Every structure is written in structure tokens, then in C-alpha cells.
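*Asks:* can you look at this prediction? I've put the sequence above it.
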Amino acid sequence: MVILLFAVFISPAAAEPPPLQLAAAQRQKPATKPVPKPAGKPAPDDFDLLPREATPDPAALARQQIVEQQLAKRRTMLQLHQLGGFLTLASLTTTVVLGQLDYLDKYGGGGDTGSYHAWHRWMGVATACIFAGTASLAVFAPVPIEKKVQLDTATLHKIAMTTAAAGMAAEIVRDFALAHQIIGYTTLAAAATGFTVLTF
């Protein structure tokens, strides 16, 4: 009995070929070499979901860098332009108030003391300088990306500020007090409109 058990353990399993037959069978199998892929055509399972990115053109990269620099410069100049807009509106409002007080002093029974005359004149000069500097920031800001002309808030702003600029130029003529007053209020209204359409 023990010998039978021992024989079962030592004998090869029925399903397994003897070691000599296994070695012979392996020698008879032809060696399989990997089939090379054709150079021109990809295999059916070898594909990209996204197209390959093109190699960046150095000239295009240089142009893009210039555009980005100009956009950064434009952004800075327009932020300063916006700050100048606040200063312009404040100084123009002060000029109009001083002009109204000067008008009432001279023509409204205030005794023509001239208390506000110099203040109004010099505030007007300061306002014109602030307005010119503020406008220059917008006019000379680089425009790397051209924009189609259309009726939008930027166009309304330009129209209103052009009207304000014409009003400031007309204010140089001071001989006609009533006309000067009307132009002053018109200029303030145009500047306030131009400021409002971009701010709010």
C-alpha cells in the first residue's frame, strides 16, 4: 500500500506529458517572431484621439509675445485712463460750481466782488490739463487686436468725450457769459455721460 502511494506521487500525472516528450515538443514548435508593423499604416488599435500639435513657429511665437506685451501696456494705460476719468469729472464739476458762483456774483446781484473769478479760471485750466492727459492715455494706448466699429458703450464714451472736448475748447471764449455758462453745463453733462457709460 505504501509502495502504491509512493508510486502515485513519483509517476507523472496523466495529463502531463513526460519530460522527454515535453522537451521534444518544444523543439518541434517553430519560433514565433513578432510581426513588424508596416511603416506607412498604423495598426487598427494604434490611433490618437486628438491631432498632434504642430511645432510652434518661432516667428508666430515672437508675434504672440509682442501682442501680449502690447495688451499688458494697453491694460495699464486704460486703468490710468479710468483713474484720470474720476479726476476729470471731479475737477470739471468743481470748475462748473465755481463758474456758477462767479456768474451769480457778477450777474446775479452778488455785488461783483470777483471772489470766485480767479478760482474758476485756474480750476478750468487744471481741468483742461487733466482732461488732455486722460484722453492721451486712451488715444495713444496700443491696439494690438483691431475691433470692428459698432455702436457700443466704448463708442458712446468716445462720442460723449469728443463733445466734452469741443465744449472745453469753446470755453476759451469768455466774452459771452451766458453762452459760456451753457457750454460749461453741456460740457459737464457730456463728460458725465461718457464717464457713466463705461463705469456703470
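*Replies:* It's in.

*Asks:* what's whatever helix or strand Met77 lives in packed up against?
*Replies:* In this assignment (DSSP states H and E), Met77 forms part of helix 58-107. Helix 58-107 is packed against helix 117-139, helix 177-199, with contacts defined by 3 or more CB pairs under 8 Å, 6 or more residues apart in numbering; DSSP states H and E. From N, CA and C alone the C-beta is placed, and that goes for glycine too.

*Asks:* centre of the chain to the first one, how far?
*Replies:* It refers to helix 117-139. Distance of helix 117-139 from the chain centroid (CA atoms, centre = their mean, to the nearest Å) equals 29 Å.

*Asks:* what's the angle between whatever helix or strand comes next after it and helix 177-199?
*Replies:* Sequence order places helix 153-170 as the next helix or strand after helix 117-139, per DSSP H and E. Inter-element angle recorded for helix 153-170 and helix 177-199: 160 degrees (by axes from the mean of the first three to the mean of the last three CA atoms, to 10 degrees).

*Asks:* just the buried residues of helix 153-170, please?
*Replies:* 157, 160-161, 163-165, 167-168 (16 or more other CB atoms under 10 Å).

*Asks:* can you list contacts of that helix?
*Replies:* The contact list for helix 153-170 (CB atoms under 8 Å, 6 or more residues apart in numbering) reads 92, 127-128, 131, 135, 149, 183-184, 186-187, 190-191, 193-194, 197-198.

*Asks:* quick one: mean pLDDT over that helix.
*Replies:* Averaged over helix 153-170, pLDDT sits at 93.

*Asks:* now it against helix 58-107, angle please.
*Replies:* 40 degrees.

*Asks:* mean pLDDT lowest for which of the helices and strands packed on helix 58-107?
*Replies:* Looking at those, the bottom one is helix 177-199 with a mean of 91.

*Asks:* that helix: which residues count as buried?
*Replies:* Those would be 180-181, 183-184, 186-188, 190-191, 193-195, 197-198, for helix 177-199 by 16+ other CB under 10 Å.

*Asks:* then stretch 111-130?
*Replies:* Going by neighbour count (16+ other CB under 10 Å), the buried part of stretch 111-130 is 116-117, 119-120, 123-124, 127-128, 130.

*Asks:* and which of the residues you listed is nearest Pro51?
*Replies:* Using CB to CB, Ile130 is the member of those that lies nearest Pro51, at 53.7 Å.

*Asks:* surely that closest one meets Phe86?
*Replies:* No. In this structure, Ile130 is not within contact of Phe86 by CB atoms under 8 Å, at 10.0 Å.

*Asks:* so how far is Ser136 from Leu188?
*Replies:* As for Leu188, its distance to Ser136 is 21 Å (criterion: CB to CB, to the nearest Å).

*Asks:* now Thr193
*Replies:* 21 Å.

*Asks:* likewise for Thr199?
*Replies:* 20 Å.

*Asks:* ok, now which ones touch Leu80?
*Replies:* By CB under 8 Å, 6+ apart, the neighbours of Leu80 are Leu137.

*Asks:* pLDDT wise, what is it at?
*Replies:* pLDDT, Leu80: 96.

*Asks:* got it, and Ala59?
*Replies:* We have a pLDDT of 84 for Ala59.
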